[in-house]
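# The following block contains a protein sequence and its predicted model.
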Amino acid sequence: MNESLGKKIILGIVGEIGSGKDAAAQYFHDRYSAQIFRFSTPMRDCIKRLHLPETRENLQIFSRITRDAFGQDLYSKAIALEAAEATAPMIVAEGIRRPADIAEFAKLPSFHLVAIVADEKKRFERIKMRNENASDASKTWKQFQKEAAAETEVTIREIAAKSELTIENNGALEDLHRKLDEMIATCSARN
């Protein structure tokens, strides 16, 4: 356990496609021994199990269908329960996109909603480079803009506007890391 943290910190990370959510979560894991819970993990698990292509479009469809069938807070409830039981000094819930995604987390002590923001062109470059989903590397600017306008993405800015802290991520990875360390110091002081 990272003793410098003191009380457990629970972070909810919201950001548009390619803003740096994964990079932030990975840094928290590496630097602060954070346990990461991604909203997309249960969806990816099901899509793989069904032998469907792991595309952003399929994830968006799967998310919409399961939330419509079982409640908009389906993933929030599941992940918040796991996060509350986790023993890591820091918990990171990555991939928040809707108001229902934070409803359960907001009830937890030491929860902080953090927005990671980046310019649209920078985000497009990042998703092409990381190639996380099938066809990301060959994605066109027009396809990127279409995906960013999907139902599952449109509320991200609304949620980000309500965040406690905002991290601008248009620079080098080292800049992001420095800003994240400063943010952790702020969160620790508020706990």
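Perfect, I can see it now.

# Contacts for the lowest-mean-pLDDT helix or strand in the chain next, please.
For the chain, using mean pLDDT, DSSP states H and E, the weakest element among its helices and strands is helix 151-154, scoring a mean of 76. Outside helix 151-154, the residues that touch it by Cβ atoms under 8 Å, 6 or more residues apart in numbering are 16-17, 59-60, 63-64, 97, 147. Every residue, glycine included, has its C-beta placed from N, CA and C.

# And these, which is closest to Ala185?
Lowest distance from Ala185 to these (Cβ to Cβ) belongs to Glu16, with 25.6 Å.

# ok, Glu125 - how many residues close by?
Using other Cβ atoms under 10 Å, Glu125 has 14 neighbouring residues.

# and it, what does it touch?
Neighbours of Glu125 in contact, by Cβ under 8 Å, 6+ apart: Gly18.

# Dump whichever strand or helix holds Ile91 to PDB, restricted to CA.
Taking DSSP states H and E as the criterion, Ile91 maps to strand 90-96. Output in PDB follows, covering the C-alpha atoms of strand 90-96 (Å, rounded to 0.1, in the frame of the first residue of the first chain):
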ATOM      1  CA  MET A  90      -6.700   4.000  -4.600                       C
ATOM      2  CA  ILE A  91      -9.600   3.000  -6.800                       C
ATOM      3  CA  VAL A  92     -10.100   4.300 -10.300                       C
ATOM      4  CA  ALA A  93     -13.400   4.000 -12.200                       C
ATOM      5  CA  GLU A  94     -12.500   4.700 -15.800                       C
ATOM      6  CA  GLY A  95     -14.900   5.400 -18.700                       C
ATOM      7  CA  ILE A  96     -17.700   7.300 -17.000                       C
END
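
# Show me what the next helix or strand after it is packed against.
Per DSSP H and E, the first helix or strand lying C-terminal to strand 90-96 is helix 99-103. If contacts are counted by 3 or more Cβ pairs under 8 Å, 6 or more residues apart in numbering; DSSP states H and E, helix 99-103 sits against helix 74-85, helix 156-161.

# Going by neighbour count, list what's buried in the helix ranked longest in the chain.
Using DSSP state H, we find that the single longest helix of the chain is helix 173-190. Of all the residues in helix 173-190, those buried under the rule 16 or more other Cβ atoms under 10 Å are 176, 179-180, 183-184, 187.
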